[in-house]
Structure formats: structure tokens, C-alpha cells
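Trainee: Predicted structure and sequence below. I'll ask about it afterward.
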Amino acid sequence: RIVNVDCRMQRNVSAMRVKSSVCRLEWSPDGRNLVCGTDSGVVHLWDSRWMSSSGTSSPKLEFKQHNAAVKAIAWSPHHSHVVATGGGTSDGTIKLWNCRTGKVIKSVQTGSQVCGLEWNPNGNELVSAQGFSEEGLCVWRASDLGKLHECNVDGRPLFMTRNPRNNTICVG
């Protein structure tokens, strides 16, 4: 179950049911859409205008092309209808989705678990944190998901965030 809470009003604004465990949630930058990655590999997209507090809201779209848990989600800062998702160890893919059509725009096999995704707001690039088995960071060209750079890190990068003031990535 996913609950959208307004802490100021101390009430649930909306609730959505999912059949498997939630691994990641990410609002679109404009606040219109919520994407949920699950442990079954299904990615759900809700339109905030159709969410209800009763928990009966159905997703606008469901993406079912990952074969493992989806723990990495990032909205494109350049195209409001594009979201990137990353699959777990037995999947290892990054997929770019068109949220208007529900179709995959691009997909790439990374060879390892995708633990995190961050867009470069100053360029058309996507950075992934790669877990088991090829640990590190990769920079991908968003237009074709061609690999541009690899960066080794000390240890398995399970989480990542980009510093909004510059282009550094923090991993842990």
C-alpha cells in the first residue's frame, strides 16, 4: 500500500494498493505523476488527479518489462513524460519509458544490478549506480543509452544522490 500524507493536516490525501512490496517511489518534477517500483519488477504510474483516499485508485500505466525488483527511478529533467527505471540483479537493465504511451523508448543491459539513477540536468546523460556484480558508476548517453564513462567506487554503491549545486554524485 502506498499512502500520500499531508503531515500539516494530519491526514491521508490518497492511498493506492499494489500487489507486491514497494521498492522505490518518485514524483515527477511537476507533481502530476507518481511512479512506483516493486519487488516483482512491475512499475506503476499514477496520475495525481485521479488518486483517492479510499485506496481504490488504479494506476494509469503499468510497465511489466523488468524481471527483478525496480529500486532505481529518475524522471528526465529535459522531457517531462520520460522516466528511467533500473532493474535488480537478475534483470540488470535500464529502461527509458514514455509515460504518455506506456512504451519503452530505449533499453540497455548493464550486466549488473541497477541500484540508483540520476540525470545530468546540464546535459542529456544518465548516471547509474551499479551493484552486484560490476560495482561502480556508469554514465550513459540518454539518446541511445550508449555507455560514455565508467567510474570505480570503493564498495557496492546501493544508494546515490546528485549534488544540486554541481555535478558530483554521492554514493553509499
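Mentor: Cool, the structure landed. Numbering: from 1, shown residues only.

Trainee: list the contacts for residue 80?
Mentor: Shown here is residue 80, whose contacts under the criterion CB atoms under 8 Å, 6 or more residues apart in numbering are 28-30. Any C-beta I mention is one placed from the backbone N, CA and C, and that applies to glycine too.

Trainee: So what pairs up with the residue positioned nearest the centre of the chain in the strands?
Mentor: By CA atoms, centre = their mean, the chain has its centre lying nearest to residue 73, at 0.7 Å. Taking DSSP bridges, one finds residue 85 as the beta-bridge partners of residue 73.

Trainee: I'd say it and residue 26 touch.
Mentor: Yes: Residue 73 is within contact range of residue 26, at 4.2 Å (criterion: CB atoms under 8 Å).

Trainee: Please identify the buried residues of the helix or strand where residue 25 lies?
Mentor: When secondary structure is defined using DSSP states H and E, the element that contains residue 25 is strand 22-27. By neighbour count with 16 or more other CB atoms under 10 Å, strand 22-27 contains the buried residues 23-24, 26.

Trainee: cool, and stretch 147-160?
Mentor: Within stretch 147-160, the residues that qualify as buried by neighbour count (16+ other CB under 10 Å) are 156-157, 160.

Trainee: show me what contacts residue 100?
Mentor: residue 81.

Trainee: quick check, it in a helix?
Mentor: No: residue assignment for residue 100, taken from DSSP: H, G, I helix; E, B strand; the rest coil, gives coil, which places it outside any helix.

Trainee: Which pLDDT value belongs to it?
Mentor: According to the predicted model, the pLDDT of residue 100 comes to 94.

Trainee: That one and residue 109: what is the separation?
Mentor: When CB to CB, to the nearest Å is the yardstick, residue 100 and residue 109 sit 25 Å from each other.

Trainee: hang on, the earlier thing: any residues in contact with both of residue 73 and residue 26?
Mentor: The contact sets of residue 73 and residue 26 overlap at 35, 83 (CB under 8 Å, 6+ apart).

Trainee: Mean pLDDT per element in this protein, and the minimum belongs to which helix or strand?
Mentor: For the chain, scoring each helix and strand by mean pLDDT, DSSP states H and E identifies strand 11-16 as the least confident one, at a mean of 61.
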